[in-house]
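K.L.:
Please work out how this folds:
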Amino acid sequence: GGNQFKGSIFSSFANESMQADNFTQRLKDRGLRSVDAIKRNADFNPGIGGPFKQDSLWFYLTARALWADVYPGGILPNLNANNRNAWTYVPDTSGAKAVNNALWTDVQLRTTWQASARNKFAGSWEQQTRCSCPYFALATRSPEAGQDRVSPTQRILTAEWFSPVTSRLLIEAAALHRTEWWANAPPKGFASGEPGGMVGVLEQSTGLQYRGGGTASGTYLENWVPNYAMRAAVSYITGSHSFKVGFNEIFGYLENKTYTPAEPLFFRFNNGVPNQLTQFATPYFALSDEDSDFGVFAQDKWTLGRWTLTGGVRFDMFKSSFPEQSIGPAILAPTRQITFPKTANLDWKDVTPRMGAVYDVFGDGRTAVRTSLNKYLNGQTLNALGSAPNPILSLVNSAARSWNDANGNFKPDCDLTSVLANGECGSITANFGKSVPGATYDKELLTGWGNRNYNWEFAAGIQHQLLPRLALD
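P.N.:
Modelled structure (predicted):
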C-alpha cells in the first residue's frame, strides 16, 4: 500500500467442455469405465491497498478462492453407497460421475505504520481454509470410501519492528504465531461418515475399496499444530564494514488423533465372500513437543583494498520431547490403560561456519574472482525422525484375523476382544492393544553435537564484464 488506493483482480476458469480426452472405444472394451476429467478449475483473486492515514499508516488486503474439481477416472458412484444392508459395489451407469472437489480460500491483510522517523512497525494476518470434500476417490476406491481432506484453520499472525537508531545502526525484531488444524475426516453426505456408519470393504479380486473406511487402514486423522516464532537482529554498517548479530527461536507442539467413525473394523472379501477382517484399537492420541528450535549468529563483512571478505558463525539447537501420554480403553481393547512418562527425544547442537572472499583482479571493478565455503543444516520438523521414537507409536493398534462368515450374515460372529480363535474368527497377535517396544534409537544419533543432517557447499568462479550491461560468469 501507498498514499493512493489501488487494486487488481486476477481470475481464470476452465471446465470439462474445454478439455479433450482419449477415451476410445478400445479402452471402453478393455473395461475402463471413465477417464480423468476437469469438472471445474477456477481462480478468483482480488486485492486492494492504500492509506489508512496519509504518510503514516498503510494497508494491503487480498483474498483468493481456488476451485479444483475433477472427475476421477475408472470409477463410478456406488448405487449401494448409503445402503447399510448392502455389501456389494454396484456402479451407477446412468451417467452420474464420481467427483473429487477441492476449494481453497485465503485472506491476507498487511499493514505498515511509520510511527516516527526512526520506528516502523508492520503486521500481517492470514487466514486460509481448505476443503477437499469429498476426496481420494480413485479407480480402486469408491467415493463413499474416500474422505474429506479439511483444513478449517490455517492462520498466520506476524508483527515486525524496524528502527534505524543511527545512520549506521539498525535494529529489527519480529514475532510469528501459526495455528494449523487439519484432518482426513469421514466424507459428508455418505452414511460411511455418520456416527456408527458403514464398515469399509476391500474386494480382494479387484483391489476395489468401497462402502466405507476412508483410507486403506480404515482410520481417520485429526491434527492440531500451533507454533510460535521470534527473531531479532542488530546491524552495524559503515562504508567498508558490515556487522550483524541476531537470534531466532521456534517452539510449539503437535497433537494427533486417530479414530474410526463406525465400528473399528475393516473387511476383506474375495468375490463377495468374507475371508478376513482388520480390527482397530481406536481412538488414540499421539503428542509431540517442539521444545526449542534456537539459533544465534554473528557475521561480518570487510572491504580491504581489492578484497571483500565475509565470515560468519551460527550456533543451532533443536530440542524435542514427548509429554506424559495416557491411552485408555477402546471398544475392542476394553482393558487397555497405559501411561507413558514424559520422554526426551532430540537434543541436537551444532556450530556452522560461513565464509567467502571476492578479489577485484585489476582494481577496475570489471573482473572478480569469487570463492565461498559454507555449511548448512537440514531443516527439522516434528514429522521427520523426531516423531518416530514417540512411545505412543509402540502400541499395536491394528490386527488382521481370518474370518469365515459361515452363516452369510456379513457379521463376525465371534468375540473380537479375545485374541484367541473363536466362533468364525481366527486368532490375532496377543499384543493387540498393548505396547510393544519396536526400534530403538542410539543416543548418539538423537543427542549431542554434529548429529543433525547437513551438507557442505564449496563454490569458486570468475566474473568479467565484457561490455556495459553484459558480463560472463
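
K.L.:
Can you check which strand is longest in this structure?
P.N.:
Ranked by residue count under DSSP state E, the longest strand found in the chain is strand 284-304.

K.L.:
That one packs against which elements?
P.N.:
When contacts are defined as 3 or more C-beta pairs under 8 Å, 6 or more residues apart in numbering; DSSP states H and E, strand 284-304 packs onto strand 241-259, strand 307-322, strand 325-327. Every residue, glycine included, has its C-beta placed from N, CA and C.

K.L.:
Just want the angle from that strand to strand 241-259.
P.N.:
For strand 284-304 and strand 241-259, the angle between their directions (axes from the mean of the first three to the mean of the last three C-alpha atoms, to 10 degrees) works out to 170 degrees.

K.L.:
quick one: least confident helix or strand in the chain?
P.N.:
Using mean pLDDT, DSSP states H and E, helix 443-446 stands out as the lowest-scoring helix or strand of the chain, at a mean of 86.

K.L.:
right, and Thr335 touches Ile327 too?
P.N.:
No - in this structure Thr335 lies outside contact range of Ile327 using C-beta atoms under 8 Å: 11.9 Å.

K.L.:
Which among the helices and strands packed on strand 284-304 is found nearest to Arg370?
P.N.:
With C-beta to C-beta as the measure, strand 307-322 is the member of these nearest Arg370 (9.3 Å).

K.L.:
for the closest one, the distance to its chain's centre please.
P.N.:
Averaging C-alpha coordinates over strand 307-322 and over its chain gives two centres that are 26 Å apart (C-alpha atoms, centre = their mean, to the nearest Å).

K.L.:
Name every strand pairing with that strand and say which way it goes.
P.N.:
For strand 307-322, the pairing partners within the sheet under DSSP bridges are strand 284-304 (antiparallel), strand 343-360 (antiparallel).

K.L.:
can you dump the C-alpha coordinates of that strand into PDB?
P.N.:
This file holds the C-alpha atoms of strand 307-322, laid out as PDB (Å, rounded to 0.1, in the frame of the first residue of the first chain):
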ATOM      1  CA  TRP A 307      39.400  -7.800  -1.200                       C
ATOM      2  CA  THR A 308      35.900  -8.200   0.100                       C
ATOM      3  CA  LEU A 309      35.900 -10.900   2.900                       C
ATOM      4  CA  THR A 310      32.800 -12.300   4.600                       C
ATOM      5  CA  GLY A 311      32.700 -14.600   7.600                       C
ATOM      6  CA  GLY A 312      30.000 -15.900  10.000                       C
ATOM      7  CA  VAL A 313      29.300 -18.500  12.600                       C
ATOM      8  CA  ARG A 314      26.000 -19.800  13.800                       C
ATOM      9  CA  PHE A 315      25.000 -22.000  16.800                       C
ATOM     10  CA  ASP A 316      21.900 -24.100  16.500                       C
ATOM     11  CA  MET A 317      20.000 -26.200  19.000                       C
ATOM     12  CA  PHE A 318      16.900 -28.300  18.200                       C
ATOM     13  CA  LYS A 319      15.200 -30.000  21.200                       C
ATOM     14  CA  SER A 320      12.000 -32.000  21.200                       C
ATOM     15  CA  SER A 321      10.200 -34.400  23.600                       C
ATOM     16  CA  PHE A 322       7.000 -36.300  24.200                       C
END
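
K.L.:
Now do that strand, average pLDDT.
P.N.:
For strand 307-322, the mean pLDDT works out to 95.

K.L.:
can you check stretch 341-359 too?
P.N.:
Rounded to a whole number, the mean pLDDT of stretch 341-359 is 95.

K.L.:
how about it: buried residues?
P.N.:
With burial defined by 16 or more other C-beta atoms under 10 Å, the residues of stretch 341-359 counted as buried are Asn345, Leu346, Asp347, Trp348, Lys349, Asp350, Thr352, Arg354, Gly356, Val358, Tyr359.

K.L.:
that older thread, out of the helices and strands packed on strand 284-304, which comes closest to Thr367?
P.N.:
For the helices and strands packed on strand 284-304, proximity to Thr367 was assessed by C-beta to C-beta; strand 307-322 is nearest, at 13.8 Å.

K.L.:
Can you mark which positions in the closest one are buried?
P.N.:
Taking 16+ other C-beta under 10 Å as the neighbour-count basis, strand 307-322 is seen to contain the buried residues Thr308, Thr310, Gly312, Arg314, Asp316, Met317, Phe318, Lys319, Ser320, Ser321, Phe322.

K.L.:
gap between Gln279 and Pro412?
P.N.:
The span separating Gln279 from Pro412 equals 9 Å under the rule C-beta to C-beta, to the nearest Å.

K.L.:
So the two - more neighbours on which side?
P.N.:
For Gln279 versus Pro412, the count of surrounding residues by other C-beta atoms under 10 Å is larger for Gln279: 27 against 21.

K.L.:
neighbours around the spatially closest residue to the more buried one that is not a sequence neighbour, how many?
P.N.:
The shortest distance from Gln279 to any residue other than its chain neighbours is 5.2 Å, reached at Leu332 (C-beta to C-beta, 6 or more residues apart in numbering). Residues within reach of Leu332, counting by other C-beta under 10 Å, total 22.

K.L.:
One more: Ser192?
P.N.:
Under the neighbour criterion other C-beta under 10 Å, Ser192 is assigned a count of 27.

K.L.:
do Lys257 as well
P.N.:
When counting by other C-beta under 10 Å, one arrives at 15 neighbours for Lys257.

K.L.:
before we move on, the earlier item: list the buried residues of the longest strand of the chain.
P.N.:
Of the residues in strand 284-304, those buried by neighbour count under the rule 16+ other C-beta under 10 Å are 284, 286-291, 293-295, 297, 299, 301.
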